[in-house]
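S.K.: Structural data only, the sequence is not supplied:
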């Protein structure tokens with residue numbers, strides 16, 4: 001009998017005895033029989049430690065997890081260094097942009113133990129980034145979709161009752177909502193597109209536009225290897241060219257869409273100060289935006305679309321098992337419980353983020369913000385970034401090659417595609 005068959009049978013027995021039907025009713029008595037597991041992640045330690053403590057009180061014999069907070073900038077290097085010393089964690093909240101680069105560190109759950117059908121039935125589509133031919137790299141735990149924050153006063157003053165639902169509507173909005181002084185300096189903007197250094201989440205916005213246009217950015221070839229398809233050709237032109245051209249025209253002074261430049265404050269700072277009508281940010285930013293300006297009259301809507309299929313971009317974290325853990329069986333049990341419906345429902349309450357589970361997303365939401373976040377979870381997409389820091393630089397060069405006039409849009413996209421493909425090959 002294989003190691004994972006033993007694990008899976010153990011899990012079935014434990015779940016049958018303990019049950020995980022409801023979070024509140026799964027209280028066990030006595031001390032913990034589970035070994036102490038260590039989980040790393042970038043979520044706030046007070047949030048995660050409190051959450052894990054509640055889970056442990058409900059599942060004392062199955063879950064005994066301590067949490068270590070890491071910064072987004074250091075979690076990858078800290079993990080590599082810790083594993084080299086033989087001191088790595090048992091579990092990690094794995095962001096989607098680390099899957100590809102650090103794939104060899106994680107223990108894949110074979111489909112014979114947890115079927116691909118069950119995975120797709122349980123979790124949102126973006127979670128499928130964590131599937132490969134070996135099995136499941138991580139169980140989806142949290143998703144943070146990009147939404148459109150919009151200034152209600154600015155739209156009302158310009159005579160618009162609702163925010164745009166299609167990108168094609170922006171052409172009619174710019175003349176009425178972007179204001180310039182006699183010297184041509186922008187004092188109020190419709191949207192903060194066209195640059196990277198003062199546009200929060202610029203790479204993710206470009207990825208969103210590209211995915212909506214029809215390119216997944218990367219794909220697998222016939223051998224199963226990742227390859228860049230950023231410059232793939234559509235029926236008439238490259239989807240990425242279409243997306244990048246649209247994005248950069250907002251920073252081109254000779255274009256009718258001109259409404260942003262690199263001399264302006266950051267996008268979020270402009271939005272909270274009431275000088276930016278539309279801000280494309282993550283659902284998790286809502287509390288900070290509220291706190292920055294309690295008097296700001298804003299609302300939230302889904303991001304505009306190009307076609308019939310609704311798509312946004314989402315940052316996802318899944319619970320992955322480390323190959324180096326001496327407690328693979330216990331880590332697998334813990335990961336199943338931590339991503340079960342009753343536990344995820346508690347995480348949703350604590351984090352304010354939408355659920356990653358389809359059964360929880362099926363429940364109607366009366367809260368106006370949650371309704372948008374829930375739809376964002378269902379429509380979230382992302383891509384297998386081969387190296388976050390290196391691809392950040394590639395996307396920055398992509399935009400600056402165009403805004404500086406060094407390259408045409410088509411040339412800049414082809415150059416970025418070559419650089420992305422080279423980056424992918426270097427990781428093999």
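M.R.: Perfect, I can see it now. These numbers come from a predicted model, not from an experiment.

S.K.: Which stretches in the stretch 201-350 of the chain count as helices?
M.R.: Using DSSP state H, counting those that start in this stretch, the helices of the stretch 201-350 of the chain run over 202-213, 239-249, 267-272, 286-292, 328-338, 341-351.

S.K.: what angle do the last one and helix 328-338 make?
M.R.: Taking axes from the mean of the first three to the mean of the last three CA atoms, to 10 degrees, one finds that helix 341-351 is oriented at 70 degrees with respect to helix 328-338.

S.K.: Please give the centre-to-centre distance between the helix or strand following helix 341-351 and its chain.
M.R.: Moving toward the C-terminus from helix 341-351, the next helix or strand (DSSP states H and E) is helix 358-361. Mean-position distance between helix 358-361 and its chain equals 18 Å (CA atoms, centre = their mean, to the nearest Å).

S.K.: How about stretch 124-138?
M.R.: 14 Å.

S.K.: before we move on, the earlier item: possible to save the helices of the stretch 201-350 of the chain as a markdown table with distance to residue 299?
M.R.: Where you see a C-beta, it was placed from the backbone N, CA and C, and this is true even at glycine. Formatted as a markdown table, the helices of the stretch 201-350 of the chain follow (distance: least, CB to CB, whole Å):
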| stretch | distance to residue 299 |
| --- | --- |
| helix 202-213 | 20 |
| helix 239-249 | 24 |
| helix 267-272 | 12 |
| helix 286-292 | 11 |
| helix 328-338 | 33 |
| helix 341-351 | 21 |
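
S.K.: now for those, which one comes closest to residue 90?
M.R.: Nearest to residue 90, of all those, is helix 328-338, at 4.8 Å by CB to CB.

S.K.: name the helices or strands packed onto the closest one?
M.R.: If contacts are counted by 3 or more CB pairs under 8 Å, 6 or more residues apart in numbering; DSSP states H and E, helix 328-338 sits against helix 3-18, strand 37-41, strand 91-95, strand 139-151, strand 312-321.

S.K.: now with 6 Å?
M.R.: Packing contacts for helix 328-338, counted by 3 or more CB pairs under 6 Å, 6 or more residues apart in numbering; DSSP states H and E, involve helix 3-18, strand 312-321.

S.K.: By mean pLDDT, show me the worst of these.
M.R.: Mean pLDDT per stretch puts helix 3-18 lowest among the helices and strands packed on helix 328-338, at a mean of 45.

S.K.: So for this structure, the centremost residue is which one?
M.R.: Taking CA atoms, centre = their mean as the criterion, residue 315 is the residue nearest the geometric centre of the chain, at 0.8 Å.

S.K.: That one reaches residue 144, doesn't it?
M.R.: Yes. Using CB atoms under 6 Å, residue 315 makes contact with residue 144 at a distance of 4.5 Å.

S.K.: So, low pLDDT: which residues of the chain?
M.R.: 1-32, 234-236 (pLDDT under 70).

S.K.: How is it divided into domains?
M.R.: 3-144+315-375, 145-313+383-426 (automatic domain parsing).

S.K.: gap between the two ends of the last one?
M.R.: Criterion CA to CA, to the nearest Å; first-to-last residue distance in domain 145-313+383-426 is 30 Å.

S.K.: Stretch 307-316 too?
M.R.: End-to-end distance of stretch 307-316: 24 Å, with CA to CA as the criterion.

S.K.: Show me how far it is from its chain's centre.
M.R.: Using CA atoms, centre = their mean, the offset of stretch 307-316 from its chain centre is 11 Å.

S.K.: Residue 279 - nearest residue in space that isn't next to it in sequence?
M.R.: residue 271 (3.7 Å; CB to CB, 6 or more residues apart in numbering).

S.K.: and the one you found, how many neighbours does it have?
M.R.: Using other CB atoms under 10 Å, residue 271 has 30 other residues around it.

S.K.: cool, residue 189 as well?
M.R.: 26.

S.K.: what does the one 3 residues further on give?
M.R.: Taking other CB under 10 Å as the criterion, the count of residues near residue 192 is 29.

S.K.: same check, this time on residue 307
M.R.: Neighbour tally, residue 307, other CB under 10 Å: 10.

S.K.: on that earlier part again, any idea how far the residue nearest to the centre of the chain is from residue 368?
M.R.: Distance of residue 315 to residue 368, computed by CB to CB, to the nearest Å: 22 Å.

S.K.: gap between residue 316 and residue 138?
M.R.: Taken as CB to CB, the span from residue 316 to residue 138 is 9 Å.

S.K.: Show me where the stretch 1-150 of the chain has its helices.
M.R.: Using DSSP H, counting those that start in this stretch, helices in the stretch 1-150 of the chain cover 3-18, 45-58, 75-84, 116-122.

S.K.: circling back to that earlier point, figure out which of the helices of the stretch 201-350 of the chain is closest to residue 417.
M.R.: With distances scored as CB to CB, the stretch of these nearest to residue 417 is helix 239-249 (7.7 Å).

S.K.: just checking, what packs against that closest one?
M.R.: Against helix 239-249 (3+ CB pairs under 6 Å, 6+ apart) you get helix 202-213, helix 409-426.

S.K.: try 7 Å
M.R.: helix 202-213, helix 388-403, helix 409-426 (3 or more CB pairs under 7 Å, 6 or more residues apart in numbering; DSSP states H and E).

S.K.: could you check the angle helix 409-426 makes with that helix?
M.R.: 120 degrees.

S.K.: residues in contact with helix 239-249?
M.R.: 167, 193-194, 206, 209-210, 213-215, 230-232, 255, 257, 398-399, 402-403, 409-410, 413 (CB atoms under 7 Å, 6 or more residues apart in numbering).

S.K.: List buried residues within those.
M.R.: 167, 193-194, 206, 209-210, 213-215, 230-231, 257, 398-399, 402-403, 409-410, 413 (16 or more other CB atoms under 10 Å).

S.K.: Return the distance of the residue nearest to residue 279 relative to residue 189.
M.R.: Counting by CB to CB - residue 271 and residue 189 are separated by 9 Å.

S.K.: cool, residue 42 as well?
M.R.: As for residue 42, its distance to residue 189 is 31 Å (criterion: CB to CB).
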